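> sequence and predicted structure, then a few things I'm wondering about:
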Amino acid sequence: MQPFTEEIIEIIRSIPRGKVATYGGIAALAGNARAARQVVRVLHTFGSKEKLPWWRVISSKGTISLRPGHGYEEQRDLLEAEGVELGEAGRIDLERFLWEPDWLND
């Protein structure tokens with residue numbers, strides 16, 4: 001496994017219950033702000049195998065990227081079970097629920 005992939009996995013594992021992170025935000029934390037699609041690939045490839053909390057990763061617009069009937073409902077239900085609220089048009093309030101790692105403020 002490549003170091004960038006390992007970093008993405010560790011960051012996703014670090015997202016706490018009741019918080020979300022964006023694909024681009026995870027890519028930036030891992031060292032390449034332009035690698036949001038790589039985050040998608042890592043989730044697709046390693047999500048189950050590594051038991052990643054995939055449902056905590058959302059779009060930069062604060063929405064679930066999966067389509068209805070293709071995982072949207074499951075992700076919504078998992079987020080809501082953790083207290084993450086989806087507001088108007090299925091949008092999550094990033095000011096309230098976006099995770100920022102403690103080490104960013106060091």
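Thanks, I have the structure now.
> separation between residue 91 and residue 52?
For residue 91, the distance to residue 52 equals 23 Å [C-beta to C-beta, to the nearest Å]. Yep, even glycine has a C-beta here, placed from its N, CA and C like the rest.
> low-confidence ranges, the chain, go.
Low-confidence segments of the chain (pLDDT under 70): 103-106.
> in this protein, which spans are helices?
Remark: helices assigned in the chain by DSSP state H are 3-14, 23-30, 36-46, 72-81, 94-97.
> can these go into TSV with extra columns for distance to residue 64 and mean neighbour count?
Formatted as TSV, those follow (distance: least, C-beta to C-beta, whole Å; neighbours: other C-beta atoms under 10 Å):
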stretch	distance to residue 64	mean neighbour count
helix 3-14	16	17
helix 23-30	12	21
helix 36-46	13	17
helix 72-81	5	14
helix 94-97	13	14
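> between those helices, which one is closest to residue 60.
Closest approach to residue 60 among the helices of the chain (C-beta to C-beta): helix 23-30, 5.3 Å.
> tilt between the closest one and helix 36-46?
90 degrees (axes from the mean of the first three to the mean of the last three C-alpha atoms, to 10 degrees).
> tell me what helix 23-30 is packed against?
helix 3-14, helix 36-46, strand 57-58 (3 or more C-beta pairs under 8 Å, 6 or more residues apart in numbering; DSSP states H and E).
> could you dump these into CSV with distance to residue 71 added?
Putting the helices and strands packed on helix 23-30 into CSV (distance: least, C-beta to C-beta, whole Å) gives the following:
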stretch, distance to residue 71
helix 3-14, 16
helix 36-46, 11
strand 57-58, 12
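> nothing else from me, thank you.
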